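Student: Based on what follows, work out the 3D shape:
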Amino acid sequence: MTSRRLILALPALLAARPGTATEARRQEQPPALRTPRPVQLRPGAPAAMLHASVDELGRSLSVRFSGTGAPETVFRFTSWYGYGRVFAVLPLRGRQVVLAAFEGNTGTGVYQELQAVIGQEDDGTARILAIETLRARETPMCNEAAYLSVRIVPDGGGLRLEQEARGVSGTCDPRRPPARFREIWSTMLRWSGRGVMQATPAPRNPGPGQRKVDLARVKTLEWLAAAPRSDVTVEDLQQLGLMEVVRTA
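Tutor: Presented below is the predicted three-dimensional model:
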């Protein structure tokens with residue numbers, strides 16, 4: 001798989017090839033929410049104002065809050081192309097959580113966006129509650145293609161992840177028919193109002209795509225639980241395996 005760092009060595013190729021950042025921007029889904037906007041971070045507390053901006057020089061998305069009683073924590077996410085954005089505010093346990101999208105693995109034929117769930121605990125601590133892929137694609141050669149999409153839906157005391165992995169492999173050998181695959185599954189992330197979110201146990205025999213996603217999720221939730229996190233770097237994503245979640249065969 002081509003990593004995002006190969007972009008530095010292949011500027012001409014990226015500029016000429018379809019499926020690059022320019023096309024990804026045109027296909028951006030879901031779009032950014034306008035900020036500032038009020039959000040209810042804790043039950044019964046005054047609404048805070050949500051602010052989101054991209055630092056063009058540092059290529060990072062910053063998310064912060066202002067107002068009476070608002071947390072002082074500033075959240076920063078890597079944003080290689082500057083497409084980082086807040087795209088949703090969802091209800092959860094009598095309050096609202098913020099969903100921020102930012103770039104993950106990018107390069108020739110590769111584009112991934114992740115989504116972070118930002119919330120405030122009952123004791124006032126603001127932190128990242130979960131990180132999941134929003135959408136990803138890999139089109140490395142021939143007619144090979146692999147896609148992963150994850151949609152977050154409020155569901156009672158948690159968030160339901162509706163996930164799909166699909167693609168086609170084996171297209172480079174004309175003597176063999178290509179193999180298509182598709183997996184659809186859902187996962188519940190529950191939250192008590194303290195700490196980070198917790199995923200429901202995985203099934204005994206998950207598909208290859210789900211196994212990759214689940215493995216990265218376990219590492220990520222452990223990392224988030226170890227201490228309140230507010231910054232996410234490329235190195236963090238690599239160490240957590242969040243750049244390696246796309247099933248390719």
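
Student: Give me the contact list for stretch 140-150.
Tutor: 1-2, 108-110, 115, 132-139, 161-169, 171-172, 178, 209, 213, 245-248 (Cβ atoms under 8 Å, 6 or more residues apart in numbering). C-beta coordinates here come from the backbone N, C-alpha and C atoms, glycine included.

Student: Around residue 60, count how many other residues there are.
Tutor: With neighbours defined by other Cβ atoms under 10 Å, the count for residue 60 comes to 21.

Student: Repeat that for residue 231.
Tutor: Residue 231: 13 neighbours (other Cβ under 10 Å).

Student: Quick one: residues contacting it.
Tutor: 75-77.

Student: any chance you could map the helices in the chain?
Tutor: 11-16, 21-26, 208-226, 234-240 (DSSP state H).

Student: in the last one, what counts as buried?
Tutor: Okay, so that is helix 234-240. Across helix 234-240, burial judged by 16 or more other Cβ atoms under 10 Å covers 234, 236-237, 240.

Student: sorry, back to before: drop anything exposed from the contacts of stretch 140-150.
Tutor: 108-110, 115, 132-139, 161, 163, 165-169, 209, 213, 245-248.

Student: where along the chain do the strands fall?
Tutor: 37-39, 48-55, 60-66, 75-78, 85-92, 95-107, 110-120, 126-138, 145-155, 158-169, 179-190, 198-199, 231-232 (DSSP state E).

Student: want to try a markdown table for those strands, with mean pLDDT and distance to residue 30 as columns?
Tutor: Converted to a markdown table, these look like this (pLDDT from 0 to 100; distance: least, Cβ to Cβ, whole Å):
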| stretch | mean pLDDT | distance to residue 30 |
| --- | --- | --- |
| strand 37-39 | 98 | 15 |
| strand 48-55 | 96 | 14 |
| strand 60-66 | 97 | 15 |
| strand 75-78 | 97 | 16 |
| strand 85-92 | 97 | 5 |
| strand 95-107 | 96 | 8 |
| strand 110-120 | 97 | 10 |
| strand 126-138 | 97 | 9 |
| strand 145-155 | 95 | 9 |
| strand 158-169 | 95 | 14 |
| strand 179-190 | 95 | 19 |
| strand 198-199 | 97 | 23 |
| strand 231-232 | 98 | 20 |
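
Student: who's the residue nearest to the spatial centre of the chain bridged to?
Tutor: The residue lying closest to the centre of the chain (Cα atoms, centre = their mean) is residue 114, at 1.7 Å. Counting by DSSP bridges, residue 114 is bridged to residue 102, residue 133.

Student: again, but for the one 5 residues further on
Tutor: Partner residues in beta bridges with residue 119, using DSSP bridges, are residue 127.
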